[in-house]
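Novice: pasting the sequence and the predicted coordinates here, then a few questions.
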Amino acid sequence: MLKKKIKENIIETSLFLCAIFSIFITVSIVIVLSYESFGFFKKIPIIEFLTGTEWTPLFAEPKFGILPLVTGTLLITFIALLVALPVGLITAVYLSEYAPHKFRETVKPMLELLEAVPTVVYGYFALLFLTPILQKIIPDLAGFNALSPGIIIGIMIIPYVSSVSEDAMRAVPMHIREGSYAMGATKFQTAFKVIIPAAFSGIAAAFIMGISRAIGETMVVAIAAGMMPNFTANPFEPIQTLTAYIVQVSLGDVPHGTIEYQTIFAAGITLFFMTLILNIIGYWLKKRIRELY
Amino acid sequence: MEDIKKKIKENELKDHIFAIIGLMSTFVGLILLFVLFVDLFIDGAPRLSYKFLTSFPSRFPDEAGILSALVGTFLVMLVTAFAAIPLGVGAGIYLEEYARKNWLTNILEINISNLAGVPSIIYGLLALGLFVYFFRLGESILTGGLALALLILPIVIMSTREAIRAIPNSIREASYALGATKWQTVQWHILPYSIGGILTGIIIGLSRAIGETAPIITVGALTFIAFLPTSPFSSDFPFLSFKWLLDPFTVLPIQMFNWVSRPQKEFHLNAAAAGIILMVMTLIMNALAIYIRYRFRKKIKW
């Protein structure tokens, strides 16, 4: 009996350690990022970092203003959302309210394949397929630009936006739908005037988590957007995002402890906090819809 | 009366139009996926050959191959699987079967869902700071594999939990009623019934890891590797060697990234060929996951 109890306790403890390990990951992310950026901020004042509009850390006369990378990231995210939000939402409404059961069950796993394709393949596609086509429509478009990777990232995150919003819409109880139909409303009216408002916090969660995905996307921009820290809102020009900058520096051989090495952690911590805030808001919204119904 | 009829007609028309728009937007992504595959195939298929699979990278595009990248991908995945599966499944079992509802469990849940949303490149920076410089593991297969293991851990945990949650409580109660302990219940009932869902999650996680490029670049994997890691088998006792864990490496997506970033068109064709291999690998893994999920759902009826 006692032996059994000891065995049970050992197992429970080791399973507990597995679960606690996830906290250890988050803590080490924060420690590693802040430790290395601390070295950076000792040399560069944080005000200059946050308000400077020139980012040239690899030049002979380096300038460390993060704004070009932040605007680049936001520009890409904005373009991606212009694609992903409407298409994702319409897809979700269609799958949740219109499509027959069988159609939905076949199409959903196929849509998930969009997330399965390696991002480096999307990068190839943006640079060598989409950009040449866009250049025929927009002659001023540079070979490296924000538009093409932005569109591709938008399509990439469609299944993400649509599956989270669809779950939210399907969580709305049937009697609410039936009430609307009983009043003579069409499916279209029911979907947009009843279901979407009822599932609002879940749909907002989908949008916010989509934004977080787009901000963190790396390879598509690293390949197709041109690695140029440009302080611009023009989608036809080459730009650089926070993520792409980290890739650029990592590709070169940067010695440990130098300021160049520390810049990628400063960029990383900026990125981490941007996505952390979005993820927490998203988690909270998603939980709310679960409690609502 | 006429007015109302007109209004109804109008509304019905709107409804039909939306049904068409909805169908079209559902297919936007799938069409892109199809075009992408065709484009990749047209560019890359002529380069695919036995020689391409068995050659090292080279300065000459038509002599270059993906041997070191394939071997690297395989070995890195081995490390990833060994680290992520026990940790992820263990954490999932704990959270579903053992954890009490308290503040700690709450924090664990928020934390895991946040980790799932952390950009992959941040895991690369973590691995760079922690594994490469703090634990001094170097820019090795072990570092790369562990970085990817941390990255897919939330996927494995969440799918384990989902699979376990689907098991009705009556099963647990029946087992406890017969005097089984908690672990006996998990071992003989919970795990066998949820193994399908758990496997699906593991395969999806690994297929995600195979395609990941950013964290591996950050860790400092080399793009030009014209040799293989130390063989895991040796002729003297103990016949198994783990030296390969600390060898430098490259993986398939890095090789593809390297080729696509070069200006010469010939290298782009190589990139496409590597892309085909990569796509086929991930698609097969995903198809397998879907099949397993389907099989188990059919087999078990509560």
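Specialist: Received, thanks.

Novice: quick one: contacts for A:Q248?
Specialist: A:Q248 is in contact with A:A222, A:M227, A:Q240, counting by C-beta atoms under 8 Å, 6 or more residues apart in numbering or on different chains. To be clear about C-beta, it is placed using only N, CA and C from the backbone, and glycine gets the same treatment.

Novice: so what's the last one up against?
Specialist: Same thing as A:Q240. With the criterion set at C-beta under 8 Å, 6+ apart, A:Q240 makes contact with A:W55, A:P68, A:L69, A:G72, A:V221, A:A225, A:G226, A:M227, A:M228, A:P229, A:N230, A:Q248.

Novice: so the first one touches A:N230, yeah?
Specialist: Put plainly, it is A:W55. No: the pair A:W55 / A:N230 is not scored as a contact, 9.3 Å apart, by C-beta atoms under 8 Å.

Novice: who has more neighbours, these two?
Specialist: A:W55 (26 against 19; other C-beta atoms under 10 Å in any protein chain shown).

Novice: burial measure for B:A91, as a count.
Specialist: The burial count for B:A91: 28, using other C-beta under 10 Å.

Novice: pretty sure it is in a strand, no?
Specialist: No: applying DSSP: H, G, I helix; E, B strand; the rest coil, one finds B:A91 to be helix, outside a strand.

Novice: for it, give its distance to chain A.
Specialist: Here B:A91 is placed at a distance of 4 Å from chain A (C-beta to the nearest C-beta, to the nearest Å).

Novice: B:I157 now?
Specialist: 7 Å.

Novice: contacts only, for that residue.
Specialist: A:S22, B:G88, B:A91, B:G92, B:L95, B:I112.

Novice: next, count neighbours for the residue lying closest to B:P46 once chain neighbours are set aside.
Specialist: Excluding the flanking residues, the one nearest B:P46 by C-beta to C-beta, 6 or more residues apart in numbering or on different chains is B:L269, at 7.3 Å. For B:L269, the neighbour count with other C-beta under 10 Å is 18.

Novice: pull out the buried positions in the helix or strand hosting B:L269.
Specialist: Assigned by DSSP states H and E, B:L269 belongs to helix B:265-299. By neighbour count with 16 or more other C-beta atoms under 10 Å in any protein chain shown, helix B:265-299 contains the buried residues B:267-279, B:281-283, B:285-286, B:289-290, B:292-293, B:296.

Novice: could I get the contacts of A:Q248 as CSV with secondary structure and pLDDT?
Specialist: Below are those laid out as CSV (DSSP: H, G, I helix; E, B strand; the rest coil; pLDDT from 0 to 100):
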residue, secondary structure, pLDDT
A:A222, helix, 92
A:M227, coil, 82
A:Q240, coil, 92
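
Novice: overlap of the contact sets of A:W55 and A:N230?
Specialist: Joint contacts of A:W55 and A:N230 (C-beta under 8 Å, 6+ apart) are A:P68, A:Q240.

Novice: quick check: which element contains the residue nearest to B:K182 when sequence neighbours are not counted?
Specialist: If the residues on either side of it in the chain are set aside, B:K182 comes closest to A:E8, at 6.3 Å by C-beta to C-beta, 6+ apart. Using DSSP H and E, A:E8 sits in helix A:2-43.

Novice: now that helix: mean pLDDT?
Specialist: The pLDDT scores in helix A:2-43 average 92.

Novice: what does stretch B:246-264 give?
Specialist: For stretch B:246-264, the per-residue pLDDT averages 89.

Novice: centre of the chain to the strand or helix carrying B:F41, how far?
Specialist: B:F41 is part of helix B:2-44, with elements assigned from DSSP H and E. The chain centre lies 30 Å from the centre of helix B:2-44; the measure is C-alpha atoms, centre = their mean, to the nearest Å.

Novice: what do you get for stretch A:183-194?
Specialist: Distance, centroid of stretch A:183-194 to centroid of chain: 32 Å (C-alpha atoms, centre = their mean).

Novice: so that stretch, near chain B or not?
Specialist: Yes: Stretch A:183-194 is in contact with chain B by C-beta under 8 Å from any C-beta of the partner chain, via A:T186, A:K187, A:F188, A:Q189, A:A191.

Novice: just to be sure, which of those are found in helices?
Specialist: A:K187, A:F188, A:Q189 (DSSP state H).

Novice: which of those sits closest to A:G210?
Specialist: Of all these, A:G210 sits closest to A:F188, with 23.9 Å by C-beta to C-beta.

Novice: B:D15 is in contact with that closest one, correct?
Specialist: Yes: A:F188 is within contact range of B:D15, at 4.4 Å (criterion: C-beta under 8 Å).

Novice: what about those two, which has more around it?
Specialist: Neighbours per residue (other C-beta under 10 Å) separate A:F188 from B:D15, with A:F188 holding more: 21 against 17.

Novice: report the contact partners of the nearest residue to B:G144 once chain neighbours are set aside.
Specialist: Spatial nearest neighbour of B:G144, chain neighbours left out: B:V76 (4.8 Å); criterion: C-beta to C-beta, 6+ apart. Residues near B:V76 by C-beta under 8 Å, 6+ apart: B:I141, B:G144, B:G145, B:L148, B:A209, B:I216, B:F249, B:V251.

Novice: now do A:T13
Specialist: No contacts exist for A:T13 under C-beta under 8 Å, 6+ apart.

Novice: what do you get for B:W259?
Specialist: B:W259 neighbours (C-beta under 8 Å, 6+ apart): B:A64, B:F267, B:H268, B:N270, B:A271, B:A274.
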